[in-house]
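J.: Next come a sequence and a model predicted from it.
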Amino acid sequence: MKTENQKAWFFVLPVLILVAFNALIPMMTVVNYSVQETFGDNVFFWQGLDWFEQILRSDRFHAALGRQFLFTFLILIIEVPLGIAIALSMPRQGFWVPVCLVLMALPMLIPWNVVGAMWNIFTLPDIGLLGYFLNHVLGITYDMTQNPFAAWVTIITMDVWHWTSLVVLLAYAGLVSIPDAYYQAAKIDGASNWAVFRFIQLPKMKTVLTIAILLRFMDSFNIYTEPFVLTGGGPGNSTTLLSIDLVKIALGQFDLGPAAAMSLIYFAITLLVSWLFYTLMTKDDLN
Amino acid sequence: MQKRSIVPVIYILFLMLPIYWLVAMSFKTTNEILSGFSLFPQTFTLENYTTIFTDPTWYWGYINSILYVTINTVISVAVALPAAYAFSRYRFLGDKQLFFWLLTNRMAPAAVFALPFFQLYSAVGLFDTHLAVALAHCLFNIPLAVWILEGFMGGIPKELDETAYVDGYSFPRFFATIFIPSIKAGVGVAAFFCFMFSWVDLLLPKPLTAVAAKLIAATMTKTASSAGYELGLLAAAGTLTIIPGAIVIWFVRNYIAKGFAMGRV
């Protein structure tokens, strides 16, 4: 189908140069820091792999990593089924479809720090809409600056608010590509709603759902701005996710060596898990 | 069918609530916000917006953000177009590896790059310029644009290219006058996504700018932390950041779903 042509490299060259400039040079800087110790003034000492060992053994890293996996796990098991359910109940055509899509996509176009600030205002115990409603109408004591559980519920709800639409839009794109003939055939066979979902809709959505799960995994695993603005990692360290901890070490304490080593371990974990997801989800296609 | 549509309606209501609260807050006076809970602004005021539109440190934040987002979108789409064409039409040495490597750049935690980016762009003398932020955002926007455009180009039959060459078109003329117009929708969707990811990100631009190119998002954080009581002003600034996104999304509303589904569909 495609023709072999090495000159195609010239077409790719500008992309290669720009991305390499932004990816390789900073990455080399990180690698450089990760094997050295500095006391400022640009004086560096060779440190070998000590930082990596220190990070991998540190309880603080294990705790942040555990919180990060819990956060990402909760995000995936809530947002993916919810997104599919909403996509299934959307009308397939008509005036309301573009209106729905625009309204649903809106949260994704709000700058991430504004999302954090917005949820902060929304959840203030006495003057925020949600905070007031929970505390004074339902009578549930809710203050996410004091209670770690409330803080977790808030950051999860915020992320569901922010990103479920991505799953909805992707799943919806998969659904509208199913020809009507499939549904008619299922109707003639007397297939139940579940059978239609399991054997027609789900297989047709598979590719887009793979993209959705991968994107949601990568983005929720790397999340920084929204929870940082909302909770600052607190109360205590209860919502200090990996990126928040990383920035604390790098810019708060200026421990560049350990921060760089942690960055590389972090990146490696993201790559590994993404690859695992991808392999598992596309395994059937290969067989 | 009618009963089912209750689900999207509830979902959209849930999405609109925090946005409503932000907008409502922006029309309240500081006094009213601090004195207690009120569902609607009691003393409707435009004071917060007046502050933003008359103070250059505020409104320049918007202009700066829009400038670097626009530069980034133009660069990303311009370099991604030929690259996506190459990926969709030709086989060449290392093509698959290159494509995968481009996508891995989306997986790197942005927090990792904050400090090295500051050093890199200081070293090349671009610190605190719009171009620095625009180039930095290329890291994840170019791979995305290539990915989306390649998907759209795959849908154009190769016969189109061949017919044009037979008709005596040169490559640049064919590319500019026939090929690009036939994937207009794809260019729109790619530009939309570049705009979106450049507009919403704060982590990379923040360490890259100080005064001249300071972005709105950073102006906001500063005001919020130094004067935590000015919630009305913060809400007004936040409300204004929603508007450009809402305008852009309205233009591409018919292509959003398709754009999201691109890639290997």
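T.: The structure has been received and is ready for your questions. Numbers count the residues shown, from 1 in each chain, chains lettered A, B, ... in the order given.
J.: Check which helix or strand B:Ile75 maps to.
T.: Taking DSSP states H and E as the definition, one finds B:Ile75 inside helix B:56-89.
J.: Would you mark the buried spots in that helix?
T.: Of all the residues in helix B:56-89, those buried under the rule 16 or more other Cβ atoms under 10 Å in any protein chain shown are B:58, B:60-62, B:64-73, B:75-77, B:79-89. In short, each C-beta sits where N, CA and C put it, glycine included.
J.: What residues does the closest residue to chain B within chain A make contact with?
T.: Among the residues of chain A, A:Leu109 lies closest to chain B, at 2.9 Å counting by Cβ to the nearest Cβ. If you count contacts by Cβ atoms under 8 Å, 6 or more residues apart in numbering or on different chains, A:Leu109 has them with B:196, B:199-200, B:242, B:245-246, B:248-249.
J.: Which residue is the nearest non-sequential neighbour of it?
T.: Once flanking residues are discounted, A:Leu109 sits nearest to B:Gly245: 2.9 Å by Cβ to Cβ, 6 or more residues apart in numbering or on different chains.
J.: Quick check: A:Phe2 touching B:Tyr90?
T.: That one is not Phe; residue A:2 is Lys. Yes - with contact defined as Cβ atoms under 8 Å, A:Lys2 reaches B:Tyr90; the gap is 5.8 Å.
J.: Please say which of those two ends up with more neighbours.
T.: B:Tyr90 (18 against 13; other Cβ atoms under 10 Å in any protein chain shown).
J.: got a list of what the residue of the stretch 101-250 of chain B at minimum distance from chain A touches?
T.: Residue nearest to chain A within the stretch 101-250 of chain B: B:Gly245 (2.9 Å; Cβ to the nearest Cβ). With contact taken as Cβ under 8 Å, 6+ apart, B:Gly245 is in contact with A:106, A:109-110, B:196, B:199-200.
J.: how about a cut-off of 10 Å?
T.: Neighbouring residues of B:Gly245 by Cβ atoms under 10 Å, 6 or more residues apart in numbering or on different chains: A:105-111, B:192, B:195-196, B:199-200.
J.: so it is in which element?
T.: Per DSSP H and E: helix B:231-251 holds B:Gly245.
J.: Tell me the buried residues in that helix?
T.: Residues B:231-242, B:244-245, B:248-249 are the ones in helix B:231-251 that count as buried (16+ other Cβ under 10 Å).
J.: quick one, it and helix B:56-89 angle?
T.: Relative orientation of helix B:231-251 versus helix B:56-89 (axes from the mean of the first three to the mean of the last three Cα atoms, to 10 degrees): 30 degrees.
J.: Now helix B:231-251: average pLDDT?
T.: For helix B:231-251, mean pLDDT rounds to 85.
J.: do the same with stretch A:200-218
T.: pLDDT averaged over stretch A:200-218 gives 84.
J.: now do stretch A:264-277
T.: Averaged across stretch A:264-277, pLDDT comes to 87.
J.: try stretch A:104-119
T.: Taken as a whole, stretch A:104-119 has a mean pLDDT of 88.
J.: how about the helices of the stretch 101-250 of chain B, start to end?
T.: B:110-123, B:130-154, B:159-166, B:171-174, B:180-182, B:184-200, B:205-208, B:216-226, B:231-251 (DSSP state H, counting those that start in this stretch).
J.: So which other helices or strands are in contact with the helix holding B:Ile75?
T.: In terms of contacts (3 or more Cβ pairs under 10 Å, 6 or more residues apart in numbering or on different chains; DSSP states H and E), helix B:56-89 is packed against helix A:8-34, helix B:47-54, helix B:95-104, helix B:130-154, helix B:184-200, helix B:205-208, helix B:216-226, helix B:231-251.
J.: For the ones you listed, please prepare a markdown table with the additional fields distance to B:Pro172.
T.: What follows is the helices and strands packed on helix B:56-89, written out as a markdown table (distance: least, Cβ to Cβ, whole Å):
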| stretch | distance to B:Pro172 |
| --- | --- |
| helix A:8-34 | 12 |
| helix B:47-54 | 45 |
| helix B:95-104 | 22 |
| helix B:130-154 | 17 |
| helix B:184-200 | 17 |
| helix B:205-208 | 34 |
| helix B:216-226 | 38 |
| helix B:231-251 | 28 |
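J.: Tell me, how many residues neighbour B:Ser170?
T.: 9.
J.: residue at max distance from the center of chain B?
T.: B:Val166 (39.8 Å; Cα atoms, centre = their mean).
J.: show me the contacts for that one.
T.: By Cβ under 10 Å, 6+ apart, the contact set of B:Val166 is empty.
J.: Check what pLDDT it gets.
T.: The model's pLDDT for B:Val166 equals 88.
J.: my guess is B:Leu149 meets B:Val77, correct?
T.: Yes - if you go by Cβ atoms under 10 Å, B:Leu149 and B:Val77 touch, sitting 7.9 Å apart.
J.: how close does the residue of the stretch 101-250 of chain B closest to chain A get to A:Thr157?
T.: Remark: distance between B:Gly245 and A:Thr157 (Cβ to Cβ, to the nearest Å) = 21 Å.
J.: just B:Asn141 next, same as before
T.: From B:Asn141 over to A:Thr157 (counting by Cβ to Cβ), the distance is 29 Å.
J.: domains for chain B, by residue range?
T.: What automatic domain parsing lists as the domains of chain B is B:1-45, B:54-261.
J.: which one is residue 231 nearest to, not counting chain neighbours?
T.: With no chain named, the answer covers chain A. Using Cβ to Cβ, 6+ apart and skipping residues adjacent in sequence, the residue nearest A:Thr231 is A:Thr239, 4.6 Å away.
J.: try chain B instead
T.: Leaving aside its chain neighbours, B:Leu231 sits nearest to B:Ile33 (5.2 Å; criterion: Cβ to Cβ, 6+ apart).
J.: likewise A:Gln54?
T.: Nearest non-adjacent residue to A:Gln54, counting by Cβ to Cβ, 6+ apart: A:Pro258, 6.4 Å away.
J.: And that neighbour, which helix or strand is it part of?
T.: helix A:256-286.
J.: Tell me what angle that helix forms with helix B:95-104.
T.: In terms of direction (the same axes, to 10 degrees), helix A:256-286 departs from helix B:95-104 by 130 degrees.
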